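S.K.: Here is my input; please provide its structure:
(one chain, ligands or ions: 1)
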Amino acid sequence: MENLFISSKHTIIMNKPVSHQRVALQRINELLVQASDAFSEHPDISRRYVLIARKMAMKYKVRFTKDQKRLFCKKCNAYLQQGNNCSVRLEHGRIVITCKECGSIRRIIYKK
Ligand SMILES: [Zn+2]
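M.R.: All right, here's what the predicted structure looks like:
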């Protein structure tokens, strides 16, 4: 027990090298493109691509861009395509994106 405590004290959280992060960003872009390509025929596969991209972003500590964040549902990982499985509306200076797969709502402020 004592040993465990000491060893846990000395664990160092390593930051991922920048070169790895760059490759991860590239791969995430590719995955999101693949997700949009696969969406019309295989929605399940596109969901899988989104999941992999999100896991990768977490692992390498990289962030999605503002536009990329709108491409998928944070709750159910579905790829969102306007007119198919999500609705986009404007109300009170906010963009309201509703996922029709799970019903979750995302609000983005666009007016200041
Ligand atoms: Zn959803």
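S.K.: State the pLDDT value of Lys9.
M.R.: At Lys9, the model reports a pLDDT of 53.
S.K.: oh sorry, the question was meant for Asp44
M.R.: 90.
S.K.: Could you tell me whether it really is in a strand?
M.R.: No: read with DSSP: H, G, I helix; E, B strand; the rest coil, Asp44 is helix and lies in no strand.
S.K.: wait, what's in contact with it?
M.R.: If a contact means C-beta atoms under 8 Å, 6 or more residues apart in numbering, then Asp44 has no contacts. For glycine as for every other residue, the C-beta is placed from the backbone atoms N, C-alpha and C.
S.K.: one more time with 10 Å
M.R.: Contacts for Asp44 (C-beta atoms under 10 Å, 6 or more residues apart in numbering) come out as 38, 78.
S.K.: Excluding sequence neighbours, find me the nearest residue to Leu51.
M.R.: Excluding its sequence neighbours, the residue lying closest to Leu51 (C-beta to C-beta, 6 or more residues apart in numbering) is Asn77, at 4.9 Å.
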